[in-house]
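> turn this into a structure:
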Amino acid sequence: MTKLTKNKKIAQEKIEIGKVYTLDEAASLVKEITTTKFDASVDVDVRLGIDPRKSNQMVRGVVTLPHGTGKTSRVLVLCTPEKEAEAKAAGADFVGLDEYIEKIKGGWTDVDVIITMPPVMAKVGQLGRILGPRGLMPNPKTGTVTMEVGKAVEEVKMGKIDFKVDKYGIIHSAVGKVSFEPKKIVENVREFVAMVVKLKPAAAKGTYVQSVYLSSTMSPGIKIDPKSV
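Got it, this is the predicted structure:
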């Protein structure tokens, strides 16, 4: 068994074993138990009562968090020349087409989100093997394949994130930073869970939201009463 560091031990002692917290309590507690020297990410894990192996029970969506994630996303826009000015004006970090496609083929993926437009999807599609496993492949469902590239860049910069359920039926997402005041963490979590609930597949049976945990980088998870969310 790995030895607990002093800080981790203090953090674990602050969480009562077997206790289920309200979201408000958890948002305050997660700040107390975080011992990292950097501004850690606050994450939410939602376990769903679905079978993710069945395509009709897949849960995937996008949500704009009212207070953003606290992280600045680096955005690459792959577009035709007449759309470059629009993408740059909206705050895209990298804009272009063929030269970036070649860079990605060479192994460059130093971005968080890639936005493109339908006319160039045939070119971007060649990058599926590289971008797919990294979760960077543009997709019309998440609003990253669109003619309105400027609007899409602005939304990402404002805190729009996409999420999908993993093979264990869990959705994991960052919902802020430890430096956020508790109220902002609460509002971000509520917005996120509301979107997950809205996307409940018709084929899902029984209890849909089975558990909700809040944690920060390196901290233990705090169990939250789903009704308080």
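> for the record, mean pLDDT for the longest helix along the chain?
Across the chain, the longest stretch assigned as helix under DSSP state H is helix 182-198. Mean per-residue pLDDT for helix 182-198: 96.
> what are the buried residues along it?
Applying a neighbour-count criterion of 16 or more other CB atoms under 10 Å, one finds 182, 184-193, 195-196 buried in helix 182-198. Quick note: C-beta positions are derived from backbone N, CA and C, even for glycine.
> take these and write them to CSV, including distance to R74.
Formatted as CSV, these follow (distance: CB to CB, whole Å):
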residue, distance to R74
P182, 28
K184, 23
I185, 24
V186, 28
E187, 25
N188, 21
V189, 25
R190, 27
E191, 23
F192, 22
V193, 27
M195, 24
V196, 26
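> from those residues, which is closest to S211?
Minimum distance to S211 across the buried residues of helix 182-198 is 11.6 Å, recorded for V193 (CB to CB).
> now the helices: where do they sit in this protein?
Under the criterion DSSP H, the chain contains helices at 6-14, 23-33, 84-89, 98-105, 121-125, 128-131, 149-158, 182-198.
> ok, which of those helices comes nearest D166?
Counting by CB to CB, D166 lies closest to helix 182-198 out of the helices of the chain; the figure is 13.1 Å.
> go through the buried residues of helix 182-198 and say which is closest to V149.
Distance to V149, by CB to CB, is smallest for M195 among the buried residues of helix 182-198, at 23.3 Å.
> tell me which residues form a beta bridge with the closest residue to the closest one other than its chain neighbours?
Once flanking residues are discounted, M195 sits nearest to V63: 4.2 Å by CB to CB, 6 or more residues apart in numbering. Per DSSP bridges, the residues bridged to V63 are I161.
> what is the neighbour count of V63?
Residues contacting V63 under the criterion other CB atoms under 10 Å number 21.
> any idea which helix or strand of this protein has the worst average confidence?
Counting by mean pLDDT, DSSP states H and E, the chain has its least confident helix or strand at helix 6-14, which shows a mean of 70.
> state the distance from A174 to D24.
Per CB to CB, to the nearest Å, A174 is found 20 Å from D24.
> below-threshold pLDDT in the protein: ranges please.
For the chain, residues meeting the criterion pLDDT under 70 lie at 1-8, 10-11.
> tell me, what residue is most central in it?
Taking CA atoms, centre = their mean as the criterion, S173 is the residue nearest the geometric centre of the chain, at 4.1 Å.
> quick one, what contacts it?
Neighbour list for S173: 43-44, 161, 163, 192 [criterion: CB atoms under 8 Å, 6 or more residues apart in numbering].
> got JSON lines for the residues you listed, with distance to K19 too?
Conversion of the contacts of S173 to JSON lines gives the following (distance: CB to CB, whole Å):
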{"residue": "D43", "distance to K19": "20"}
{"residue": "V44", "distance to K19": "18"}
{"residue": "I161", "distance to K19": "29"}
{"residue": "F163", "distance to K19": "27"}
{"residue": "F192", "distance to K19": "23"}
